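A.B. asks: fold the stuff below for me.
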Amino acid sequence: MPSLIDIRRRIRSVKNTQQITKAMKMVSAARLRRAQDRVIAARPYSETLTKMLAGVAAAAQSGDSGELHPLLKSRDENRIHAIVIASDRGLAGAFNSNLIKLAMRFLTEEKGAAQIEVEPIGRKVVDFFRKKPYRIVAEHTGYSQAVRLVDAQAIAQRVIERYANAEIDAVYLAVNEFKSVLAPRLTLTRILPIQVPTDSVSVDYIYEQPPAELLGALLPRYVETQIYKALLESNAAEHAARMASMDSATSNASDLIEKLTLYMNRVRQASITREIIEIVSGAAALE
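C.D. replies: Got it, this is the predicted structure:
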């Protein structure tokens, strides 16, 4: 049976841990608010760009558009480029592990026969894929701390150039999208070749330039927007997952402190009872 000193030390240690988890929860909550505002602000632009792309693509197809744009050409997926976006830090519950499971299930089960190359974003997936037999063409860290449009543009320009030169046949994006604080959503989407949406509302635009030229300018911007939006979504989902994880850890620490306090009181009561019995026994022996 542990002594009272050991139990008090354990309670003190759990209380210190509880203070840390509570502080981390508050920090994640503050960062989540800013990240959520950025995600909400970026979604209307992405939706509007998608609708505009659908209208321009329809106009380009109806006219004499000539050869199909390289980013719209579909090929057999023999060489796949996978972009996996996770976090740089842990203590976020199953945020990183669930995303890695999704990516590995896709790469091994669905695309096991293809030539795979990976571009991990986030230290957790970078460390994971370094131990796997996949070719890492580029790796990025620090993006979860400060999401910038210029970083998304650099990634998009690289994959666009490689796809246009037929160095890769498809580009997939795996990310945790921010749905709510308690329910992130794992998504795996193909961003190249671009599949122009056909169910969007078509707007009758008046074009000063040929629609095919506008389409050629919008398609790279569309890929950049998809990657930038994915970085923002992952950032918000990470803070939400960490906030929920730290809240659960704080609650578990409270339960553990309560159990340890009850156990300490029982040990102390047993110790007092034992001492009383020894005193009474000694007094009876002297009579």
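A.B. asks: tell me the mean pLDDT over the strand or helix carrying Met52?
C.D. replies: For Met52, the host element (DSSP states H and E) is helix 4-62. Averaged across helix 4-62, pLDDT comes to 86.
A.B. asks: give me the domain ranges for this structure.
C.D. replies: The chain resolves into domains spanning 4-26+243-286, 32-241 when parsed by automatic domain parsing.
A.B. asks: adding mean neighbour count, write the ones you listed out as TSV.
C.D. replies: All C-beta spots, glycine's among them, are computed from the backbone N, C-alpha and C. Formatted as TSV, the domains of the chain follow (neighbours: other C-beta atoms under 10 Å):
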stretch	mean neighbour count
domain 4-26+243-286	13
domain 32-241	17
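A.B. asks: for the stretch 101-250 of the chain, which spans come out with low pLDDT?
C.D. replies: 110-113, 198-205 (pLDDT under 70).
A.B. asks: quick one: the helices in it?
C.D. replies: For the stretch 101-250 of the chain, the helices defined by DSSP state H, counting those that start in this stretch occupy 123-129, 149-164, 211-286.
A.B. asks: centre of the chain to the longest one, how far?
C.D. replies: When you say that, I think you mean helix 211-286. Centre-to-centre, helix 211-286 and its host chain are 19 Å apart (C-alpha atoms, centre = their mean, to the nearest Å).
A.B. asks: and that helix with helix 149-164, angle?
C.D. replies: 120 degrees (axes from the mean of the first three to the mean of the last three C-alpha atoms, to 10 degrees).
A.B. asks: show me what helix 211-286 packs onto, helices and strands only.
C.D. replies: helix 4-62, strand 79-85, helix 95-105, helix 149-164, strand 170-177, strand 185-192 (3 or more C-beta pairs under 8 Å, 6 or more residues apart in numbering; DSSP states H and E).
A.B. asks: wait, which of the helices of the stretch 101-250 of the chain is closest to Ala183?
C.D. replies: Ala183 sits nearest to helix 211-286 of all the helices of the stretch 101-250 of the chain, at 9.0 Å, using C-beta to C-beta.
A.B. asks: and the angle for the closest one with strand 170-177?
C.D. replies: Using the same axes, to 10 degrees: helix 211-286 against strand 170-177 is 40 degrees.
A.B. asks: helix 211-286 to strand 79-85, inter-axis angle?
C.D. replies: Going by the same axes, to 10 degrees, helix 211-286 makes 50 degrees with strand 79-85.
A.B. asks: beta partners of Ala174?
C.D. replies: In this entry, Ala174 is beta-bridged to Val84, Leu188, by DSSP bridges.
A.B. asks: export the helices and strands packed on helix 211-286 to CSV and tack on distance to Ile257?
C.D. replies: Listed next are these as CSV, based on distance: least, C-beta to C-beta, whole Å:
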stretch, distance to Ile257
helix 4-62, 5
strand 79-85, 37
helix 95-105, 27
helix 149-164, 43
strand 170-177, 32
strand 185-192, 35
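A.B. asks: Glu213 is nearest to which of these?
C.D. replies: helix 4-62 (8.9 Å).
A.B. asks: relative to helix 211-286, how tilted is that closest one?
C.D. replies: Using the same axes, to 10 degrees: helix 4-62 against helix 211-286 is 170 degrees.
A.B. asks: packing partners of helix 4-62?
C.D. replies: Helix 4-62 packs on helix 211-286, going by 3+ C-beta pairs under 8 Å, 6+ apart.
A.B. asks: what angle sits between the helix it packs on and strand 185-192?
C.D. replies: Computed by the same axes, to 10 degrees, the angle between helix 211-286 and strand 185-192 is 150 degrees.
A.B. asks: residues in contact with the closest residue to Val118 other than its chain neighbours?
C.D. replies: Computed as C-beta to C-beta, 6 or more residues apart in numbering, the closest residue to Val118 that is not its neighbour in sequence is Tyr134, at 4.7 Å. Contact analysis of Tyr134 by C-beta atoms under 8 Å, 6 or more residues apart in numbering lists 107, 116-118.
A.B. asks: now do 10 Å
C.D. replies: 82, 103-104, 107, 115-118, 120 (C-beta atoms under 10 Å, 6 or more residues apart in numbering).
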